[in-house]
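A.B. asks: could you look at this predicted model? Sequence included:
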Amino acid sequence: MKKFRFDKAYYDRFYGNRETRVTTQRSIHRLGNFVCHYLKHLAQPVRNTLDLGCGLGYWQAVVKRHFPRSDYQGVEVSPYLCREFGWQRGSVVDYDAPEAFDFVICQGVLQYLPAAEARRAIENLGLLSRGALYLEVLTRRDWELNCDRSVTDGDVYLREGAWYRRELGRYFVHAGGGVWLSLRSPVVYFEMEIAE
């Protein structure tokens, strides 16, 4: 079983060092602008937001800019980041909340979980989301064809995209662009807007 330590060295390497960082705050803001504009286009209300595996909290500012009245909850498994940023400590596998969220973000998390835990995490995402989920996960195909391996953490569980689509399809409809609509979402969508 793989063991991951999300400590200062991990975040310095994949987020702090210009030579080895996987993403930047600027690229997350560009992505976040797209996702938030898409949610507005879909007329998905966003009164509260849950960011599971929030890392350095790059999504917080962009969500607040687009949905200023939305409550933002950052949850992180890393004790280091919880100390540094004050995030709530928790895991996507079993995080529990008193109510579901309009917007859930889970970026770059599920590939760190073995299959049984990833399946439980997806089930939990289904419970926690009553609106939209933004999901980004490294798949086997991405690792083989799409990503820059010099900056992407390859010490993960690589699964087929079809595995994720099958598991997510029990709770969500894929709206494209990494956005998944909860089966409980009030959004009315047309057949050709949904990715199959």
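C.D. replies: Here it is on my side, so go on. Numbering: from 1, shown residues only.
A.B. asks: the helices in this structure, which residues?
C.D. replies: Under the criterion DSSP state H, the chain contains helices at 8-11, 25-41, 58-66, 79-85, 115-128, 140-141, 161-168.
A.B. asks: now these in TSV, with mean pLDDT?
C.D. replies: Below are those laid out as TSV (pLDDT from 0 to 100):
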stretch	mean pLDDT
helix 8-11	72
helix 25-41	93
helix 58-66	97
helix 79-85	91
helix 115-128	98
helix 140-141	96
helix 161-168	98
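A.B. asks: export those to TSV and append columns for mean neighbour count and distance to residue 101.
C.D. replies: For the C-beta atoms, the positions are set from N, CA and C on the backbone; glycine is no exception. Shown next, in TSV, are the helices of the chain (neighbours: other CB atoms under 10 Å; distance: least, CB to CB, whole Å):
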stretch	mean neighbour count	distance to residue 101
helix 8-11	15	25
helix 25-41	16	12
helix 58-66	18	11
helix 79-85	15	19
helix 115-128	18	6
helix 140-141	14	29
helix 161-168	15	16
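A.B. asks: out of those, which is closest to residue 186?
C.D. replies: Residue 186 lies closest to helix 25-41 among those, at 12.0 Å (CB to CB).
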